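S.K.: Just need the structure, nothing else, for what follows:
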Amino acid sequence: MATVKPFKGLRPTKDFERIACPPYDVISSQEAREMAQGNPESFLHIDKPEIDLPEGTDPYSPAVYAKAQENFLRFQQEGLLTQDATPHYYLYAQTMAGRTQYGLVAAFSTLEYDKGIIRKHELTRKDKELDRSKHVQALHATTGPVFLTYPDDPDIDRTVAGVISDFPVCSFMADDGIRHTFWVISDPDDMAKIEEAFKKIPVLYIADGHHRSAAAGNVAAMLRKKYPAQGEEASFNYFLAVIFPASQLFIMDYNRLVKDLNGRTPEEFIQALKKDFYVQATGLAKPTRRHSFGMYFGGQWYTLTAKKESFNEEDPVSRLDVSILQRNVLQPLLNIGDPRTDKRIDFVGGIRGVAELERRVNNGEFKVAFSMYPTSIEELIKVADAQLIMPPKSTWFEPKLRSGLVVYKYNEKDFQ
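M.R.: The predicted structure follows:
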């Protein structure tokens with residue numbers, strides 16, 4: 001059974017568009033500085049507080065977390081963020097290119113994350129876990145929502161349909177062309193229906209936000225030891241997330257760039273590929289089906305089609321396109337053993353298009369690019385259900401959740 005808990009959201013009551021910002025982990029510090037320039041109300045001052053410190057400041061230094069705490073307090077003192085008096089669920093809709101996805105905003109249990117009721121499909125990096133853990137500790141709050149999904153449920157759909165018939169508290173078009181709409185769910189009957197409906201759903205899945213989930217779990221475990229009398233219902237045992245029905249999610253390709261051919265000549269590299277792939281010159285920039293890859297190399301696109309013997313269709317991880325490329329190209333031919341840490345590889349979300357791959361190869365920054373067919377939500381769920389792990393950078397979800405529309409703040413009484 002999945003616990004989906006209402007909470008007293010800390011949220012803007014005006015200036016939604018000026019406050020809301022992209023997730024902390026999809027923009028650089030420099031991009032954040034530019035976005036927040038001239039806007040002291042941007043939530044980036046909380047989620048990427050290094051922008052208020054001298055350029056070159058280590059983003060993991062104690063001064064950064066202290067600045068986050070200072071800015072978080074300022075936002076509350078100035079009335080930019082106000083906490084609701086009673087617990088609510090919230091509804092968050094995103095519209096991109098004519099399609100809309102509706103996500104329930106709630107607090108979710110770190111204990112259920114630990115038990116695997118909230119299932120993951122990626123490994124995390126300890127340095128990134130530590131960063132978000134320190135951020136949560138400094139604020140006594142989780143600010144960036146985790147992106148969760150669940151198998152479609154008609155009862156939840158009906159409740160959501162009723163909510164969206166009411167006027168939202170905000171609706172705005174962001175500068176990237178994505179519309180963000182937000183409702184407060186306050187009707188007791190709707191709240192009861194939501195709670196009951198999720199009791200029928202045995203497991204939930206992390207779509208995006210593994211580091212945020214892990215950080216919330218780390219902080220909760222630490223605080224349970226420090227405040228053992230507070231029990232499992234203590235506010236620090238929960239974290240902020242938005243959960244969407246699986247059928248509404250949109251996964252884009254997550255493409256790869258490699259700096260060199262690992263000592264091979266272009267001819268040797270093409271020949272080596274033919275062991276596990278059918279190689280077609282003058283191919284497509286974007287693959288049109290599973291187990292097919294675009295490769296930009298030497299100023300032209302090739303199509304690589306994986307041979308059947310190069311993967312195991314019965315294995316939920318082996319049959320992933322990201323696994324096929326890693327196992328048959330990146331590791332054996334290009335010596336990319338750990339793509340999470342190797343500096344010779346980079347990743348480009350499909351939202352940037354194949355033109356970005358061409359640009360970075362043509363300017364000499366990289367030698368070869370690979371365009372991927374998107375991983376499906378069904379593939380993600382099968383991996384998570386098998387309690388297996390996908391290769392790094394397997395999925396790129398769009399649109400991204402904005403931060404700052406609502407914050408989950410711990411109850412300070414739990415620290416007494």
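
S.K.: Output the longest strand belonging to the protein.
M.R.: strand 99-109 (DSSP state E).

S.K.: Check which strands are paired with it and give the direction for each one.
M.R.: Here strand 99-109 is paired, per DSSP bridges, with strand 4-5 (antiparallel), strand 89-96 (antiparallel), strand 238-245 (antiparallel).

S.K.: So for it, mean pLDDT?
M.R.: For strand 99-109, mean pLDDT is 97.

S.K.: Can you say which of the strands paired with strand 99-109 is packed in most?
M.R.: Most buried of the strands paired with strand 99-109 by mean neighbour count (mean count of other Cβ atoms under 10 Å) is strand 238-245; its value is a mean of 25. No exception for glycine: its C-beta is placed from N, CA and C like everyone else's.

S.K.: Tell me the first helix or strand C-terminal of that one.
M.R.: Using DSSP states H and E, the helix or strand that follows strand 238-245 in sequence is strand 251-252.

S.K.: Report the mean per-residue pLDDT for that next one.
M.R.: What strand 251-252 shows for mean pLDDT is 92.

S.K.: which residues of the stretch 201-350 of the chain fall in helices?
M.R.: Remark: helices assigned in the stretch 201-350 of the chain by DSSP state H, counting those that start in this stretch are 210-226, 266-273, 321-325.

S.K.: Tabulate the ones you listed (TSV), appending mean pLDDT.
M.R.: Formatted as TSV, those follow (pLDDT from 0 to 100):
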stretch	mean pLDDT
helix 210-226	96
helix 266-273	97
helix 321-325	97
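
S.K.: Compare these and report which one is nearest to residue 190.
M.R.: helix 210-226 (26.1 Å; Cβ to Cβ).

S.K.: Tell me how the chain divides into domains.
M.R.: 4-250+399-415, 252-394 (automatic domain parsing).

S.K.: Report the contact partners of the closest residue to residue 193 other than its chain neighbours.
M.R.: Residue nearest to residue 193 in three dimensions, not counting chain neighbours: residue 159, with 4.8 Å by Cβ to Cβ, 6 or more residues apart in numbering. Residues near residue 159 by Cβ atoms under 8 Å, 6 or more residues apart in numbering: 190, 193, 194, 197.

S.K.: hmm, which two among these are most spread apart?
M.R.: Farthest-apart pair in the contacts of residue 159 is 190 and 197; separation 10.5 Å (Cβ to Cβ).

S.K.: quick one: residue 233 from residue 410, how far?
M.R.: 12 Å (Cβ to Cβ, to the nearest Å).

S.K.: And the two? Which one has more around it.
M.R.: A count of neighbours by other Cβ atoms under 10 Å puts residue 410 above the other of residue 233 and residue 410, at 20 against 10.

S.K.: Isn't the more buried one up against residue 141?
M.R.: Yes: counting by Cβ atoms under 8 Å, residue 410 touches residue 141, with 6.1 Å between them.

S.K.: residue boundaries of the strands in the stretch 51-200 of the chain?
M.R.: Taking DSSP state E, counting those that start in this stretch, the strands of the stretch 51-200 of the chain run over residues 82-83, 89-96, 99-109, 118-119, 141-142, 146-150, 170-173, 179-185.

S.K.: Just send the ones you listed back as JSON lines, with distance to residue 37 too.
M.R.: Putting the strands of the stretch 51-200 of the chain into JSON lines (distance: least, Cβ to Cβ, whole Å) gives the following:
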{"stretch": "strand 82-83", "distance to residue 37": "26"}
{"stretch": "strand 89-96", "distance to residue 37": "25"}
{"stretch": "strand 99-109", "distance to residue 37": "29"}
{"stretch": "strand 118-119", "distance to residue 37": "37"}
{"stretch": "strand 141-142", "distance to residue 37": "25"}
{"stretch": "strand 146-150", "distance to residue 37": "28"}
{"stretch": "strand 170-173", "distance to residue 37": "20"}
{"stretch": "strand 179-185", "distance to residue 37": "21"}
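
S.K.: Just the element for residue 379, please.
M.R.: Applying DSSP H and E, one finds residue 379 within helix 377-385.

S.K.: Following element in sequence after that helix, please.
M.R.: Next along from helix 377-385, by DSSP H and E: strand 396-397.

S.K.: Point out the other helices and strands that the helix or strand that comes right after that following strand packs with.
M.R.: Counting by DSSP H and E, the next helix or strand C-terminal to strand 396-397 is strand 408-409. Using 3 or more Cβ pairs under 8 Å, 6 or more residues apart in numbering; DSSP states H and E as the contact test, the elements touching strand 408-409 are strand 141-142, strand 238-245.

S.K.: Please repeat the previous calculation with a cut-off of 6 Å.
M.R.: For strand 408-409, the contact count by 3 or more Cβ pairs under 6 Å, 6 or more residues apart in numbering; DSSP states H and E identifies no helix or strand as a packing neighbour.

S.K.: mind listing what that strand pairs with, with the direction of each?
M.R.: Here strand 408-409 is paired, per DSSP bridges, with strand 141-142 (antiparallel).

S.K.: Name the residues that touch the strand it pairs with?
M.R.: 136, 216, 239, 240, 407, 408, 409 (Cβ atoms under 6 Å, 6 or more residues apart in numbering).

S.K.: for it, what is the average pLDDT?
M.R.: Strand 141-142 shows a mean pLDDT of 98.

S.K.: Comparing residue 190 and residue 197, which residue is more hemmed in?
M.R.: Legend: neighbour count by other Cβ under 10 Å for residue 190 and residue 197, higher for residue 197 (20 against 17).

S.K.: re the thing from before, can you add distance to residue 392 and give the contacts of strand 141-142 back as JSON lines?
M.R.: Output for these, formatted as JSON lines (distance: Cβ to Cβ, whole Å):
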{"residue": "136", "distance to residue 392": "23"}
{"residue": "216", "distance to residue 392": "21"}
{"residue": "239", "distance to residue 392": "22"}
{"residue": "240", "distance to residue 392": "24"}
{"residue": "407", "distance to residue 392": "29"}
{"residue": "408", "distance to residue 392": "27"}
{"residue": "409", "distance to residue 392": "32"}
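
S.K.: Distance check, the residue nearest to the spatial centre of the chain against residue 340.
M.R.: The residue lying closest to the centre of the chain (Cα atoms, centre = their mean) is residue 208, at 3.0 Å. Distance, residue 208 to residue 340, by Cβ to Cβ: 16 Å.
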